[in-house]
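Undergrad: please work out how this folds:
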Amino acid sequence: MTRPAIELSPVVRAKAQRLGRRGQEWLTGLPGLVAELEQRWSVTAGEPLDRATSAYVLRARTRDGRPAVLKLAVPDPGFPSALRTLRLADGQGYVRPLAHDAERHAVLLESLGAPLDESGLPVPRQLDILCA
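TA: A predicted model of the protein is given here:
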């Protein structure tokens, strides 16, 4: 099956392009990286999520059918630190990482479902949920 061309938000593309050669290599390497991580992490990548501002983010499914999110961050020196925070939190107050590759700026995350701001809940209720 042929994967559709990768379409990035203008914000993500601009961030990558500001990195010069490193950003261009990241952009060029995205299709291969997605394919590699699908194999290594036994996932199937799906459609991209359109709210990303610093990464190529796709819906994914694990081998056992669970929904997940594949995040391929624009190369950033802060990524390993952010990843470390997620790993240490282990789902407490943050999304839980299921697999990661700090060197490739890639992480497979649990899926949290639809964005809370699309839930139709009143803002005070959304805040209660976030605080809990």
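Undergrad: longest helix in this structure, please.
TA: With residue count as the measure and DSSP state H as the assignment, the chain has helix 21-41 as its longest helix.
Undergrad: wait, is Pro75 part of a strand?
TA: No - if the criterion is DSSP: H, G, I helix; E, B strand; the rest coil, then Pro75 is coil and not within a strand.
Undergrad: and it, how far is that from Val69?
TA: Going from Pro75 to Val69 by Cβ to Cβ, to the nearest Å gives 19 Å. Every residue, glycine included, has its C-beta placed from N, CA and C.
Undergrad: so which of those two has more stuff around it?
TA: Val69 (20 against 15; other Cβ atoms under 10 Å).
Undergrad: what residues does that one make contact with?
TA: Contacts for Val69 (Cβ atoms under 8 Å, 6 or more residues apart in numbering) come out as 49, 57-60, 95, 108-111.
Undergrad: filter those residues to the buried ones?
TA: Burial by neighbour count, judged by 16 or more other Cβ atoms under 10 Å, picks out 49, 57-58, 60, 108-109, 111 from the contacts of Val69.
Undergrad: does the residue nearest to Pro48 when sequence neighbours are not counted belong to a helix, a strand or coil?
TA: Computed as Cβ to Cβ, 6 or more residues apart in numbering, the closest residue to Pro48 that is not its neighbour in sequence is Leu58, at 5.1 Å. Counting by three-state DSSP, the backbone at Leu58 sits in strand.
Undergrad: with pLDDT and distance to Gln39 added, can I get the buried ones among the contacts of Val69 in a markdown table?
TA: Compiled in a markdown table, these are given as follows (pLDDT from 0 to 100; distance: Cβ to Cβ, whole Å):
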| residue | pLDDT | distance to Gln39 |
| --- | --- | --- |
| Leu49 | 89 | 21 |
| Val57 | 95 | 19 |
| Leu58 | 95 | 15 |
| Ala60 | 97 | 13 |
| Leu108 | 98 | 13 |
| Leu109 | 97 | 18 |
| Ser111 | 94 | 20 |
